[in-house]
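Peer 1: Sequence and predicted structure are below.
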Amino acid sequence: GSPPASLPETLGSEAAGVVEEIGAGVEGFAVGDAVFGSTLTGGYAEYTLLPVAITAHKPDALSFADAAVLPVAAATAYDAVRQADLPPGATLLITGAGGGVGVAAVQLARGSGLRVIGTASAGKKEFVESLGAVHVPPGPDLAARVRAVAPDGVDAVLDLVGGDTLRAAAELLVDRTKLFSVADKATVPQLGGAVVVRQRTAAVLDKVAKLVVSGALRPFVTRTFPLERADEALRAVEAGHVQGKIVIEVGA
C-alpha cells in the first residue's frame, strides 16, 4: 500500500528520538518528549516526521535503540500472535523464526503459553532454540520435518517467508483459517488463510514497550551503526546472517 519510491528516498520506517516540533492541533505530545513510532519521511535522518496515531511515549527504562526497533517487527509480531488467538498449550509454527518479526513472535507466543516450532537457517538454530522454540530447517519436505517433531500436528501457522514455504506449511493445518501470513498477501487467501492485520496504533506500541520493560520481550539489538555508515548497515542486513536487529544511530 505504500506509494512508489521517488529517488533519492530516505529509508527507515521506524524511529525513536526527542520531539523538536509538534503540528497544529496535536495533543498528548510536547517538545522535549522522548517518543518512538513509524515514520512518514524516513528514519535515516537527523529529523523525521511521525504521525500521532502511530507514535508512543518512550518509557524511561527503555533505551532509544531498543525503542527504535519496536514499531514494525515487534508490533507486527504482537498483532499476529493476537490474531492467531490460540489457547495455552497449543502449537504454533512460525516460518522465518530467525528474522526480526519471527524473533519477537517466538517470544510473545512462548509468553502466552504456546509451544512454538520455528523454521530458520542452520546458522540460527541455537539462537531460535534459546528463545524457546523447536528448530526445524527450512527447504524441501518441510511438512515432513515438522510432523516429525509435532506428530499431533500444529494448531496455527504464522508465515514470514511466503511462496513454497507458505504452501508447505498450509499442508499441516486441518483448519486453514488458522493460517496467517505477513510475507505473501497474494497466496495466503488462495490457501484459505488470511493476511496478518496490522493495528498500527499507539496503544499497541505502548503494550509492546511495556513488555520490553518487564523483560517479557527482548528486542535483541545486536549491532549499531552511525548514520554516515548506513550503507554498511544495509549490507549487513542483506547478507541474511544478522541475529536480532541493527540500529542506525544519529548523533546529536
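Peer 2: On my side now, so go ahead. Numbers count the residues shown, from 1 in each chain.

Peer 1: Touching, residue 181 and residue 193? I think so.
Peer 2: Yes. With contact defined as C-beta atoms under 8 Å, residue 181 and residue 193 form a contacting pair (6.3 Å). Every residue, glycine included, has its C-beta placed from N, CA and C.

Peer 1: Return every residue with contacts to both of the two.
Peer 2: Counting by C-beta atoms under 8 Å, 6 or more residues apart in numbering, the common neighbours of residue 181 and residue 193 are residue 159.

Peer 1: and this protein, what are its domains?
Peer 2: 14-73+200-249, 75-195 (the TED database).

Peer 1: taking the ones you listed together, which one is wrapped up most tightly?
Peer 2: Each of the domains of the chain was assessed for mean neighbour count using mean count of other C-beta atoms under 10 Å. The highest is domain 75-195, with a mean of 20.

Peer 1: Span of that one from start to end?
Peer 2: Using C-alpha to C-alpha, to the nearest Å, the span of domain 75-195 from its first residue to its last is 15 Å.

Peer 1: cool, stretch 87-100 as well?
Peer 2: End-to-end for stretch 87-100, by C-alpha to C-alpha: 24 Å.

Peer 1: would a markdown table of the domains of the chain with distance to residue 3 and mean pLDDT be doable?
Peer 2: Listed next are the domains of the chain as a markdown table, based on distance: least, C-beta to C-beta, whole Å; pLDDT from 0 to 100:
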| stretch | distance to residue 3 | mean pLDDT |
| --- | --- | --- |
| domain 14-73+200-249 | 11 | 94 |
| domain 75-195 | 17 | 95 |
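
Peer 1: can you tell which of these is closest to residue 5?
Peer 2: Proximity of the domains of the chain to residue 5 was assessed by C-beta to C-beta; the nearest stretch is domain 14-73+200-249, lying at 10.6 Å.

Peer 1: what distance separates that closest one from the middle of the whole chain?
Peer 2: For domain 14-73+200-249, the distance between its averaged C-alpha position and the chain's averaged C-alpha position is 13 Å (C-alpha atoms, centre = their mean, to the nearest Å).

Peer 1: how long is it from one end to the other?
Peer 2: Using C-alpha to C-alpha, the gap from the first to the last residue of domain 14-73+200-249 comes to 12 Å.

Peer 1: Tell me where this structure has helices.
Peer 2: All helices of the chain, identified by DSSP state H, fall at 64-68, 75-84, 100-111, 125-130, 142-149, 163-170, 202-214, 230-238.

Peer 1: and for the first one, what are the contacting residues?
Peer 2: Around helix 64-68, the neighbours that count as contacts under C-beta under 8 Å, 6+ apart are 14-17, 34, 36, 43, 58, 209, 212, 219, 221, 224, 247, 249.

Peer 1: likewise the fifth one?
Peer 2: The contact list for helix 142-149 (C-beta under 8 Å, 6+ apart) reads 93, 117, 119, 134, 136-137, 153-154, 165, 168-169, 171-172.
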